[in-house]
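Q: predicted model follows, preceded by the sequence.
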There are 4 protein chains.
Amino acid sequence: MAIIVTTAMSTQLFHHRVRVYWEDTDAGGVVFYANHLKYFERARTEWLRALGFSQSDLVRSDDVMFVVTHTEVAHQAPARLDDEIDISVEVKRLGGASITFVQQALRLATPTQAQTPVARGSITVGSVRASTFKPCRLPAPLRQAVEARLTLNP
Amino acid sequence: MAIIVTTAMSTQLFHHRVRVYWEDTDAGGVVFYANHLKYFERARTEWLRALGFSQSDLVRSDDVMFVVTHTEVAHQAPARLDDEIDISVEVKRLGGASITFVQQALRLATPTQAQTPVARGSITVGSVRASTFKPCRLPAPLRQAVEARLTLNP
Amino acid sequence: MAIIVTTAMSTQLFHHRVRVYWEDTDAGGVVFYANHLKYFERARTEWLRALGFSQSDLVRSDDVMFVVTHTEVAHQAPARLDDEIDISVEVKRLGGASITFVQQALRLATPTQAQTPVARGSITVGSVRASTFKPCRLPAPLRQAVEARLTLNP
Amino acid sequence: MAIIVTTAMSTQLFHHRVRVYWEDTDAGGVVFYANHLKYFERARTEWLRALGFSQSDLVRSDDVMFVVTHTEVAHQAPARLDDEIDISVEVKRLGGASITFVQQALRLATPTQAQTPVARGSITVGSVRASTFKPCRLPAPLRQAVEARLTLNP
């Protein structure tokens, strides 16, 4: 059964920090909007690693891969070369074969500019057989690890 | 006033064709999902060019640039190396300082596989002053060119 | 035996045209230098297709894949958003398990600027078994197709 | 006068560590070769930052930007998803308006695989006026900082 993570419940926020390099920017002088999806994914990958799971191991040992099935991103403010960005990871819905994350990119404060939200996204990934791309259930240990981190808010 | 393009009205669909190269794929063997946003943007750029507008000219002569403010993409099926993909461009909403597009990526039929929808997106771009990133009205000639292509369905 | 393509001999130049989009540029306002390697590869892919070979077919039917083993690129002038670039493909050396190409990126003339060389590269690709990444001989039909296009200059 | 850094002399090696994410890989299952140039650049950016220089500050306060004028990369072995890679930075030649770096990418050892060289490159960057792209001398403080780190080997 799918678990919808409401305000009454929450996963601990996971944070991953990235730095903006030339490769991330475009001729507008800012981070190319599609690259925020890359930042979001790096953070989800590190969140998974922090839970004890490596995606390359999951492919090899479980024939399981995650595919992104839906993304929605609101771009709030530009990020620029050399900016440091904090990316958060929060589970919003835990389905049988999918997870929906809410992720926030936040430009860190510097001596000359305040902390600023730069992008907010909702990303849904589905688990599939790596060999066939057919949907399959989330690996049970991963599901348990996520559930164990869902806490009822007081 | 914003014009919402309902089913009673429509812009002619614009089409742009792209080819999948190694650079577009990831280790899952398919097009990296964020790259569909690049395909969508190439198509919007060519749509604009077909209307008679070049974004580099708009920056230089009007100090106007477009920034992507919101994206939503549903990934429907994987695309792979060497696939040819048709990207459509349709205006869904014409605001004072923004345009919302609906775009469909369709893998073309080959001798061994039928035509398949691969991704569908809704992309909103806003016009800003290139020098300040402050929102500004859409250039009037562009707005008129888009309006002229909105046709009332019989 | 390796065939070194000297000035006494030449392959017909193959040309592929690309357009510069936002995704290709960086905050310097120009095409991010590493992206010229993408343009070069698109052109080699189309050269191969023009010879009658699809890389995805080669993987599936011959278990052969090409890996880039060496690249050298001289950046001559910046390319910018909306520029059209012609990429040439020329075989410089045909080895038993590798091909070395010389490739030139040329910004096409516009009403306001003359045609300009933007980047020149030497790219070596090796053929490997797709399943093991072990070097293997170039597929014979491909080798023959390339040799047939080497012509002795009068 | 240009300083050629011979074996009699050396800069301390600077190291920067990167992780391979999905965005970096291609359908061959390995890091897309052009992306090693991105890794190399991240490392040079952090080397510069460690010397006390930010490229965005150099643009703003000195109108100086670095452009890559020449790259040569030998690809030695594939890197894959989740690999950790150490990128080194070494100054090989310090010219009046350019710096040539030698950089090595090394896949770190894991429980199942030994440490392996993955790519070695020689990258030349030139300093230009950000506003005109005209070559200009390296900022004196940067030049001094690099020279101060060149040490005569005993």
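A: Looks like it came in fine.

Q: find the nearest non-adjacent residue to residue A:40, please.
A: residue A:103 (4.7 Å; CB to CB, 6 or more residues apart in numbering or on different chains). For glycine as for every other residue, the C-beta is placed from the backbone atoms N, C-alpha and C.

Q: in terms of helices and strands, where is the nearest residue to residue A:34 once chain neighbours are set aside?
A: If the residues on either side of it in the chain are set aside, residue A:34 comes closest to residue B:37, at 4.1 Å by CB to CB, 6+ apart. Using DSSP states H and E, residue B:37 falls within helix B:35-50.

Q: do the following helix or strand past that helix and chain D come into contact?
A: Helices and strands here follow DSSP H and E; after helix B:35-50, the next one along the chain is helix B:55-57. No: applying CB under 8 Å from any CB of the partner chain, one finds helix B:55-57 out of contact with chain D, separated by at least 15.7 Å.

Q: check which residues of helix B:55-57 are buried.
A: Buried positions in helix B:55-57, judged by neighbour count with 16 or more other CB atoms under 10 Å in any protein chain shown: residue B:55.

Q: before we move on, back to that, the one helix or strand the residue nearest to residue A:40 maps to packs against which elements?
A: Element membership for residue A:103, per DSSP H and E: strand A:98-107. Counting contacts by 3 or more CB pairs under 8 Å, 6 or more residues apart in numbering or on different chains; DSSP states H and E, strand A:98-107 packs against helix A:35-50, strand A:84-94, strand A:116-129.

Q: so which of these gets nearest residue C:3?
A: helix A:35-50 (41.7 Å; CB to CB).

Q: quick one: buried residues of the closest one?
A: By neighbour count on 16+ other CB under 10 Å, the buried set for helix A:35-50 is A:35-48.

Q: ok, residue A:93 - contacts?
A: Contacts for residue A:93 (CB atoms under 8 Å, 6 or more residues apart in numbering or on different chains) come out as A:2-5, A:99-100, A:124.

Q: again, but for residue A:39
A: Here residue A:39 is in contact with A:18, A:85, A:87, A:105 (CB under 8 Å, 6+ apart).

Q: repeat that for residue A:52.
A: With CB under 8 Å, 6+ apart, residue A:52 has these contacts: residue A:145.

Q: got the phi and psi for it?
A: phi 100, psi 10 (degrees, to the nearest 10).

Q: show me the beta-bridge partners of the residue nearest to residue A:40.
A: Beta-bridge partners recorded for residue A:103 (DSSP bridges): residue A:121.

Q: for it, the count of nearby residues, please.
A: 27 (other CB atoms under 10 Å in any protein chain shown).

Q: per-residue confidence for it?
A: Each residue has a pLDDT score; the one for residue A:103 is 97.

Q: just the contacts of residue A:93 now: which is nearest chain B?
A: Set against chain B, the nearest of these by CB to the nearest CB is residue A:124 (9.3 Å).

Q: please report the distance of the most centrally placed residue in chain A from chain B.
A: Centroid check for chain A by CA atoms, centre = their mean gives residue A:44 as the closest residue, at 3.7 Å. Distance of residue A:44 to chain B, computed by CB to the nearest CB, to the nearest Å: 13 Å.

Q: enumerate every residue touching that residue.
A: Taking CB under 8 Å, 6+ apart, one finds A:89, A:101, A:103, A:123, A:125 in contact with residue A:44.

Q: between those residues, identify the one with the most neighbours.
A: Neighbour counts for the contacts of residue A:44 peak at residue A:103, which has 27 neighbours (criterion: other CB under 10 Å).

Q: near chain B, which residues of chain A?
A: A:28, A:30, A:33-35, A:37-38, A:41, A:65, A:67-75, A:78, A:130, A:133.

Q: of those, buried ones?
A: A:28, A:30, A:33-35, A:37-38, A:41, A:65, A:67-73, A:75, A:78, A:130, A:133.

Q: among those, name the ones in strands.
A: The strands, defined by DSSP state E, take in A:65, A:67-73, A:75 from those.

Q: with distance to residue D:140 and pLDDT added, can I get the residues you listed in JSON lines?
A: Formatted as JSON lines, those follow (distance: CB to CB, whole Å; pLDDT from 0 to 100):
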{"residue": "A:65", "distance to residue D:140": "52", "pLDDT": "96"}
{"residue": "A:67", "distance to residue D:140": "52", "pLDDT": "97"}
{"residue": "A:68", "distance to residue D:140": "48", "pLDDT": "98"}
{"residue": "A:69", "distance to residue D:140": "54", "pLDDT": "98"}
{"residue": "A:70", "distance to residue D:140": "53", "pLDDT": "98"}
{"residue": "A:71", "distance to residue D:140": "47", "pLDDT": "98"}
{"residue": "A:72", "distance to residue D:140": "49", "pLDDT": "98"}
{"residue": "A:73", "distance to residue D:140": "43", "pLDDT": "98"}
{"residue": "A:75", "distance to residue D:140": "39", "pLDDT": "98"}
